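Undergrad: Using only what follows, build the 3D model:
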Amino acid sequence: MKKTILILVVFYSLQNFSQTEKPLKTKFTNFLSKSYYSINLGGIFYPFSNDNLIYGFETETFSRNWFSGRLLLGHKITDDFSVQFGTMRPAAWFKYDNVNNIGYDRSVWINAWSLSLKKDFKLAEKTSFYVESGIANVTRFGFSINDQIIYKDAHFASLLYGFGIQYWLSDKWRLSANGTFLPKSTKHNQPSISQASLGFEYHLKQVDDKTADDYAKNEYFFPNNIFQVSYGTSALGFGVNRFFGMSLKVGNFESFGIPIFWVGEAKATNAFSLTYQRLIYRSEKIFSLDWGASVTAFQSSLNNENVFAFSIFPVLRFYLLRRNGYDFYTNYSLIGPTLLTKSDIDGLETGPKVIFQDTMGFGVFFGKNRKYNAELRIMHYSNGNIFTRNDGVAIPLQFTLGKTF
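TA: Okay, the predicted model is just below:
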């Protein structure tokens, strides 16, 4: 990931890439047709204790939130042998309560990105067993009290093991019961990490030529290309960002919202973006996958630092409502490699210059032949806890106008 990202955006003429002259892409690429994703939720266990703290600091109680998740993207090398990339983390951090009985509550953050190999063994017609082995990039955020480090940050590589049982609902869907384990690291003062979870795998399946041709000829609109101009200002606040990051304060609720996005310690006061997206794949009606490239200029809120972000990214788009005059959708983009022109923005530990861009939004295509686009979206930059410096950057709600061709 520590490479300079070269983004080349090529804009073609409307005539050469019109909806009527270019067929829509209704078949997966060979790579995608052998890929899958997996979402798993369950309990995570790491026996942090007073032994992990420096001498002279301890607590009698701890706050543990066992709930956790693991997200994986997989690619099948053969029918029963795959490579997987993903992340595992708790929903809330482990906390040392009232350290030394003088009112200090401190949290320990833990996150693990993994690259592993998975081998499946068929037990019955609809049941299989798998084993998993690989490496994990473990990041731990410790804490300080009065500028004294009580539990050090850590960033290290670890072995990862896993196993599980899967029940095949169909060729596409598998239900999973999983166990994942990372051994302790004495060198880094890190206890072992174990997760037990339930979830599913969804395997992408190629459609036949006739079905793909039928999809391409149906009446549903999917743009081949989109060019967008976006602007956002912090004058409207970061309420939308906080709601989808489950950190919005409402009445007695300190964390109101839905935990599907992130905010960031560094805040942008103004942000202007130019974005190009091109269709890779579309389903019959509901889903499309695009790749995109963007340039974003923003100004930080504390020191008025001017920063440029150059990104490439995937876009998942889901059409929620189709009507005669418009098509309404939501989109989501994760882990878009990004080059920032500045690191550690506003003196915060936002991380290195090469990080990731995440976006989510709601929008419509409208007008004759759906030539126009309007969208509301939020953005976030961070390194995904790959490094211990990950305060992140929040981009306020952006208003977007676009043109399809």
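Undergrad: C-alpha only now, for contacts and for neighbours.
TA: Will do.
Undergrad: Please list the residues outside the helix or strand containing residue 308 that contact it.
TA: For residue 308, the host element (DSSP states H and E) is strand 306-322. When contacts are defined by CA atoms under 8 Å, 6 or more residues apart in numbering, strand 306-322 is touched by residues 5, 7, 285-300, 327-342, 356-357.
Undergrad: what about burial for these, which qualify?
TA: Neighbour counting by 16 or more other CA atoms under 10 Å classes 285-300, 327-340, 342, 356-357 among the contacts of strand 306-322 as buried.
Undergrad: what's downstream of the helix or strand bottoming out on mean pLDDT in the chain, the next helix or strand?
TA: Every helix and strand in the chain was compared by mean pLDDT, DSSP states H and E; the lowest is strand 253-256, with a mean of 76. Once the chain leaves strand 253-256, the next helix or strand it forms, by DSSP H and E, is strand 266-282.
Undergrad: what packs against that following strand?
TA: Counting contacts by 3 or more CA pairs under 8 Å, 6 or more residues apart in numbering; DSSP states H and E, strand 266-282 packs against strand 225-233, strand 287-300, strand 393-404.
Undergrad: Quick check: mean pLDDT of it?
TA: Regarding strand 266-282, the rounded mean pLDDT is 96.
Undergrad: what does stretch 113-133 give?
TA: 97.
Undergrad: Please spell out which residues along that stretch are buried.
TA: Buried, per 16+ other CA under 10 Å, within stretch 113-133: 113-120, 127-133.
Undergrad: same check, this time on stretch 98-107
TA: Buried, per 16+ other CA under 10 Å, within stretch 98-107: 98, 99, 105, 106, 107.
Undergrad: Residues contacting that stretch, please?
TA: 57, 58, 59, 61, 93, 94, 95, 96, 97, 142, 143, 145.
Undergrad: in the chain, what spans have low per-residue confidence?
TA: 1-24 (pLDDT under 70).
Undergrad: Do a quick rundown of the helices in it.
TA: For the chain, applying DSSP state H gives helices covering 209-217, 239-244.
Undergrad: Tell me which residues touch the residue nearest to residue 191 when sequence neighbours are not counted, please.
TA: Counting by CA to CA, 6 or more residues apart in numbering, residue 191 lies nearest to residue 184, which is 4.5 Å off, once chain neighbours are set aside. If a contact means CA under 8 Å, 6+ apart, then residue 184 has 190, 191, 192, 193 as its contacts.
Undergrad: Could you pick out the buried ones from those residues?
TA: Applying 16+ other CA under 10 Å to the contacts of residue 184 flags 190, 191, 193 as buried.
Undergrad: thought residue 262 was touching residue 245?
TA: Yes: between residue 262 and residue 245 there is a contact at 4.8 Å, judged by CA atoms under 8 Å.
Undergrad: Between the two, which is the more surrounded one?
TA: Between residue 262 and residue 245, residue 262 has the larger neighbour count (other CA atoms under 10 Å), namely 22 against 19.
Undergrad: per the record, what domains does this structure have?
TA: 32-203, 209-404 (automatic domain parsing).
Undergrad: quick one: which of those domains is nearest residue 25?
TA: Closest approach to residue 25 among the domains of the chain (CA to CA): domain 209-404, 4.9 Å.
Undergrad: Determine how far that closest one lies from the middle of the whole chain.
TA: How far domain 209-404 lies from its chain's middle: 11 Å, per CA atoms, centre = their mean, to the nearest Å.
Undergrad: do the same with stretch 100-109
TA: 29 Å.
Undergrad: Can you say which of the helices and strands packed on strand 266-282 is nearest to residue 137?
TA: Short answer: strand 393-404, nearest of the helices and strands packed on strand 266-282 by CA to CA, at 22.0 Å.
Undergrad: Quick one: list the elements packing against that closest one.
TA: Using 3+ CA pairs under 8 Å, 6+ apart, strand 393-404 sits against strand 225-233, helix 239-244, strand 266-282, strand 372-382.
Undergrad: Looking at the ones you listed, which is nearest to residue 178?
TA: helix 239-244 (27.8 Å).
Undergrad: which helices and strands sit right next to the closest one?
TA: strand 393-404.
Undergrad: buried sites along stretch 348-360?
TA: Per 16+ other CA under 10 Å, stretch 348-360 contains these buried residues: 349, 350, 351, 352, 353, 354, 355, 356, 357, 358, 359, 360.
Undergrad: just the residues you listed now: which is nearest residue 172?
TA: residue 360 (26.1 Å).
Undergrad: Find the nearest non-adjacent residue to that closest one, please.
TA: That would be residue 332: by CA to CA, 6+ apart, it lies 4.4 Å from residue 360.
Undergrad: Having no further points to raise, I will conclude here.
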